[in-house]
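Participant: model the following, please.
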Amino acid sequence: QVQLVESGGGLVQAGGSLRLSCAGSRRTFSSYAVGWFRQTPGKEREFVAAIRWSGERTYSEDSVKGRFTISRDNAKYMVYLQMNNLKPEDTAVYYCAAGFRMTTEATNYSSWGQGTQVTVSS
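Facilitator: Modelled structure (predicted):
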């Protein structure tokens, strides 16, 4: 497994932008697919976006397509989620997760970060 640490969350007005970062602890981080998920109180964790280990393929949930972009820099053991045109409904705790396959299912990811809060005010 690999340890993950998210950063970059905060409070932003609707229409604003944030960039979340996910730092991997080991060189093998570059071998993992990475997904971003989000969760609000009382709801299940929701898939946001994912990227293959090589970075050549990504997938995003429909509600964030055209607004959020996932990318990675394997030389720095980092994955990013650029979030533009944020909406109040994007408010959640955002988690990054690492696994062997790029999927939308949280159960397929074996390593998780502690989460970072994103709050979008209207």
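Participant: check the secondary structure at the residue nearest in space to the middle of the chain for me.
Facilitator: Nearest residue to the geometric centre of the chain (C-alpha atoms, centre = their mean): Trp36, 2.6 Å. Under DSSP: H, G, I helix; E, B strand; the rest coil, Trp36 falls in the strand class.
Participant: which strand or helix spans the residue nearest to Thr103 when sequence neighbours are not counted?
Facilitator: Of all residues beyond its chain neighbours, the one nearest Thr103 is Ala50 (6.9 Å), with distances taken as C-beta to C-beta, 6 or more residues apart in numbering. To be clear about C-beta, it is placed using only N, CA and C from the backbone, and glycine gets the same treatment. In this assignment (DSSP states H and E), Ala50 forms part of strand 46-51.
Participant: chain center to the helix or strand that that strand is followed by, what's the gap?
Facilitator: Next in sequence after strand 46-51, counting helices and strands by DSSP H and E, comes strand 58-60. Chain-centre distance of strand 58-60: 11 Å, with C-alpha atoms, centre = their mean, to the nearest Å.
Participant: for strand 58-60, packing partners?
Facilitator: Using 3 or more C-beta pairs under 8 Å, 6 or more residues apart in numbering; DSSP states H and E, the elements in contact with strand 58-60 are strand 46-51, strand 68-73.
Participant: now do the first one: everything it contacts.
Facilitator: Read it as strand 46-51. For strand 46-51, contacts defined as C-beta atoms under 8 Å, 6 or more residues apart in numbering pick out 33-39, 57-61, 64, 68-72, 79, 81, 92, 94, 102-106.
Participant: buried residues, it. List them.
Facilitator: For strand 46-51, the neighbour count (16 or more other C-beta atoms under 10 Å) marks Phe47, Val48, Ala49, Ala50, Ile51 as buried.
Participant: phi, psi for the closest residue in space to Phe47 that isn't next to it in sequence please.
Facilitator: Excluding the flanking residues, the one nearest Phe47 by C-beta to C-beta, 6+ apart is Thr104, at 4.2 Å. Per-residue torsions, Thr104: phi -100, psi 0 (degrees, to the nearest 10).
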